[in-house]
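J.: what follows is a predicted structure for the sequence shown.
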2 protein chains.
Amino acid sequence: MIAWKNLDTLDAYQALAATKDSVRLAEVMAGESGAARVRKYSVPMAGGLTYHYAAKKVDDSILEKLTALAKEAQLAQKFEELYNGAVINLTENRHVLHHLTRGQLGKPVIADGVDKREFYKGEQAKIAAFAKKVHDGEITNEKGEKFNTVVQIGIGGSDLGPRAIYLSLENWAITHDTLKMQAKFISNVDPDDPVGVLRTVDLAHALFIVVSKSGTTLETLTNESFVKDALGKAGLDSSRHMLAVTSETSPMAGNRGYLAAFFMDDYIGGRYSTASAVGGAVLSLAFGPDIFARFLDGMAAEDRLAALADPMKNPDMLDALISVYERNVLGYPVTALLPYSQALSRFPAHLQQASMESNGKSVNRFGERMNYSTGEVIFGEPGTNGQHSFFQLLHQGTDIVPLQFIGFRKSQNGKDVEVKGSSSQTKLCANVAAQMVAFACGKDDENPAKRFAGERPSSIIIGEMLTPESCGALLAHYENKFMFQGFLWNINSFDQEGVQLGKVLANRVLDHNTDGALKEFAGLFGI
Amino acid sequence: MIAWKNLDTLDAYQALAATKDSVRLAEVMAGESGAARVRKYSVPMAGGLTYHYAAKKVDDSILEKLTALAKEAQLAQKFEELYNGAVINLTENRHVLHHLTRGQLGKPVIADGVDKREFYKGEQAKIAAFAKKVHDGEITNEKGEKFNTVVQIGIGGSDLGPRAIYLSLENWAITHDTLKMQAKFISNVDPDDPVGVLRTVDLAHALFIVVSKSGTTLETLTNESFVKDALGKAGLDSSRHMLAVTSETSPMAGNRGYLAAFFMDDYIGGRYSTASAVGGAVLSLAFGPDIFARFLDGMAAEDRLAALADPMKNPDMLDALISVYERNVLGYPVTALLPYSQALSRFPAHLQQASMESNGKSVNRFGERMNYSTGEVIFGEPGTNGQHSFFQLLHQGTDIVPLQFIGFRKSQNGKDVEVKGSSSQTKLCANVAAQMVAFACGKDDENPAKRFAGERPSSIIIGEMLTPESCGALLAHYENKFMFQGFLWNINSFDQEGVQLGKVLANRVLDHNTDGALKEFAGLFGI
């Protein structure tokens, strides 16, 4: 039986909080003890990845307390409840089933009268069959010509995750000769977004996927109209060019204006929908369904690790525990995510959504205010670019920002140049290794402006190469991390009530039903 | 005579700090008083923009104290010193002259034996003449064919600003038939960056601009080699395809391997170099020198406002004062920058650099530690996308994050669709107006999960359209804001000592001169 308790009511948390800031990184990371930490403080992930936490402010004593916290907070049991189909999303009275899109961790989950794993697999099979026909030229445009581009129309979870993963694997797919169609994305209701994207698209050979779970997302329906308008003006039949990804009960579901429709459901939050038809359609069309299946395999393998009860063997749970220690005991409100991989350029933007929308909550699962902080601000850009930008503040600013690095031993393309005795890839890797030590240990200097205080904790996930499997494992790692954080904070990570008020007020503006400050602000825009 | 004093030693700051958190947004923004605030609390900017601060936690009493603070901190005099050529950058013993790239606010500044305004104008004239020859087909490739693409190779300040501004104006330029060449950017030492970009470039018709002030930036030189290698393999003569932007004393300056070289100098920090040859070459080639001149005019006009002593007439100074109030009195460590304009998609990344690299400092101008916080973390994504992503935390998270919105009455392209009785542009504007009221006023609800606490302050800059002039004014606004923040914090906003340690350690890794944790981390990457 699970007891859903606030973090600060747990004995293990009180023991952890009593440790204060007890680990001095400059000491423990120095000399041979530092080397020993790097060798010792790591845990394998799926996809050939490893999570290294030697440069975090932990030691054996704190890790024991984190392990005790995991047990007392019943993290493994909570996850087990979730994947066995409990109604974890209390506010919306829903199951949370995104793990079922890539594997079956527990018992069959029957909802709405169907086995949900079978339902998600069935949609993926439909998508795979459809994609194959497109790639083989069985499904073509009006003139019988093959499609060469796929454009996703969606916003938020229907955009950020699929876009981040497409960019993660685009160059890998080109190098491995498996890019079937180029993918593009339209998201913003700003008309300059669709206009800009459509300029680069050969409409006659493009498929458009309209993605909205509810079938009512205003931005997406507006951009769908934008695209239909453009297709019409080009003399093209939009029903030959448009697909829908939606829920079976949405107004988009039975619409004959689409070439095909693929389904997800209410048990998959937008920000967790990359593994569902939301990501599946565009990524299967772009890379081929086999590549998407490999991506799902990477996710499923990481999920299996996330189900282990011992956090010292469960990288997703351990990462969550350390981050909650940093957030609530050490008091750091922001985390930077720094992939040393250009292909992961939009990965931080997706995880920013996944984390901040999941855990930016002020009340617990029962609607009560807590006495502690929850979800952190997440931001990041790829390295080494960030080193020439905001790293100054990370090194010498007045606030400490914990860092999460990601790096790979090999580039996706393999092409490289030797300059001054080393390849670009070696320089990239040397830089991330150097940064971790610089942030941890700092450096004294006679000149105070050149002094580095150090004590800035970081972790790193290292892999051989960013491939479909490792990319999947990476995404699942963070999804599961955010889930465990939410369990620790005793919040509902699966609703998003905070987006509602803005929608209501925007509709009032559009209905010209305003007064006071809202009327004045609208007036500034001539509305 | 200027007294450089710490913020907390100023009487006006103590008076401000004593106000605590005295303004309740839900009260002052309600009803007619809220409407009156929106009408009253604004100040004109250049380029047709207006800075609105009605939804900030200020009232007439706090604005008086901010005005007193501006006076006691001698903000106007400090800026005057700067633009008249004082050695404001004490640590590096340098003038700070980026304002001279777009206008002459004060006396002629003579350095290195030349009038610096004339020097920068001269380089811009050289660039304009060169660009004209390229556009007119007088300067061509080996076969006498016109160039159609320009690729900037640079990192940090040589990348983020020029890239952000290019993206800001690309679709405007297409719509106004003034896109002369498409621009692309290579920055990361990750070899997947140049490989990915070069795949999309027709090498035979591309000009490459190598940008490094010192001529020694390792990432940039490495990517230059990458590109030269690609040109060589394509049978092209790299000296017919490559330009340099550097300082006159750098190893790149006298190099005959370039078709042309344009210069900046040590008095322009990378993050402030968009108005110099660093941005001038690529933007003049892409848009034509006349468009770049209009961008500079927008910057210069905003600079003139920044020189006004009264913060109630000086939007850059006022924005800085309010932000320091938020950072140091209200205690908010993070600011979100939220342009409701897809064209500004990379503007937050550039300002993240400009702010965090400038003001992420722990010692004052004299190398002494202060007792207050300095530079904040800046992050942001375009709206309405962010509404479907991290806005949940902004609305209902446990921490308050001040917000800076940007919006325009008209889109750049003019094309639009009507859906449900309104255009896309109207929906975009309605959303930003709604968000400001939602963040300020919140909303009570019987269900605690649907409750919005409000009291989350925001400002907005509104313009007619994002054009070269308004884009320039916008950039100058933030540059000047960060400068005034640095003056208030009594720090040197123009050095970046915090980037050095990582470079030193990375070189140790590349030289295989490591031990301890550094050796182990490098070993994880096989180095």
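T.: Structure's in. What do you need? Numbering: from 1, shown residues only, chains lettered A, B, ... in the order given.
J.: can you tell me the SS state at the residue nearest to A:Gly269 when sequence neighbours are not counted?
T.: Nearest in space to A:Gly269, with sequence neighbours left out and distances taken as CB to CB, 6 or more residues apart in numbering or on different chains, is A:Phe494 at 5.4 Å. Just so you know, the C-beta spots here come from the backbone N, C-alpha and C atoms, and that holds for glycine as well. What DSSP: H, G, I helix; E, B strand; the rest coil gives for A:Phe494 is coil.
J.: over to A:Ile378?
T.: Following three-state DSSP, the label given to A:Ile378 is strand.
J.: what about it, how many neighbours?
T.: A total of 24 residues lie near A:Ile378 under the criterion other CB atoms under 10 Å in any protein chain shown.
J.: I figured it was touching A:Glu357, is that so?
T.: No - checked against CB atoms under 8 Å, the pair A:Ile378 and A:Glu357 is beyond contact range at 10.5 Å.
J.: list phi and psi for the nearest residue in space to A:Ala230 that is not next to it in sequence.
T.: Nearest residue to A:Ala230, sequence neighbours excluded (CB to CB, 6+ apart): A:Leu198, at 5.5 Å. Main-chain dihedrals, A:Leu198, degrees, to the nearest 10: phi -60, psi -30.
J.: hmm, back to that, shared neighbours of A:Ile378 and A:Glu357, which are they?
T.: Common neighbours of A:Ile378 and A:Glu357, using CB atoms under 8 Å, 6 or more residues apart in numbering or on different chains, are B:Phe390.
J.: check contacts around the residue nearest to A:Ala230.
T.: A:186, A:226-227, A:230.
J.: which of the residues you listed fall in strands?
T.: Counted as lying in strands by DSSP state E, out of the contacts of A:Leu198, are A:Ile186.
J.: now the contacts of A:Leu198 as JSON lines including pLDDT, distance to B:Thr220 and neighbour count?
T.: Putting those into JSON lines (pLDDT from 0 to 100; distance: CB to CB, whole Å; neighbours: other CB atoms under 10 Å in any protein chain shown) gives the following:
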{"residue": "A:Ile186", "pLDDT": "98", "distance to B:Thr220": "33", "neighbour count": "26"}
{"residue": "A:Phe226", "pLDDT": "96", "distance to B:Thr220": "39", "neighbour count": "24"}
{"residue": "A:Val227", "pLDDT": "97", "distance to B:Thr220": "39", "neighbour count": "24"}
{"residue": "A:Ala230", "pLDDT": "97", "distance to B:Thr220": "39", "neighbour count": "20"}
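J.: and the strands in the stretch 1-150 of chain A?
T.: Assigned by DSSP state E, counting those that start in this stretch, the strands in the stretch 1-150 of chain A fall at A:42-44, A:50-52, A:110-111, A:114-115, A:149-153.
J.: which of the ones you listed sits closest to chain B?
T.: For the strands of the stretch 1-150 of chain A, proximity to chain B was assessed by CB to the nearest CB; strand A:50-52 is nearest, at 7.0 Å.
J.: list the buried residues of that closest one.
T.: A:51-52 (16 or more other CB atoms under 10 Å in any protein chain shown).
J.: check whether it contacts chain B.
T.: Yes - against chain B, strand A:50-52 shows contacts by CB under 8 Å from any CB of the partner chain at A:50, A:52.
J.: OK, contacts around the residue in the stretch 151-300 of chain A that chain B sits nearest to?
T.: In the stretch 151-300 of chain A, the residue that lies nearest chain B is A:Gly156 (2.6 Å; CB to the nearest CB). Neighbouring residues of A:Gly156 by CB under 8 Å, 6+ apart: A:187, A:270-271, A:353, A:357, B:385, B:387-389.
J.: quick one: name the residues of the stretch 1-150 of chain A near chain B.
T.: Selection of the stretch 1-150 of chain A residues close to chain B by CB under 8 Å from any CB yields A:29-32, A:34-35, A:37-39, A:50, A:52, A:54-55, A:91.
J.: repeat the analysis, applying 6 Å as the threshold.
T.: Contact residues, the stretch 1-150 of chain A versus chain B (CB under 6 Å from any CB of the partner chain): A:29, A:31, A:34-35, A:38, A:91.
J.: neighbours around A:Glu455, how many?
T.: 18.
J.: same deal with the one 10 residues further on?
T.: If you count neighbours by other CB under 10 Å, A:Met465 ends up with 17.
J.: could you measure from it over to A:Lys361?
T.: 37 Å (CB to CB, to the nearest Å).
J.: try A:Gln412
T.: Taken as CB to CB, the span from A:Gln412 to A:Lys361 is 37 Å.
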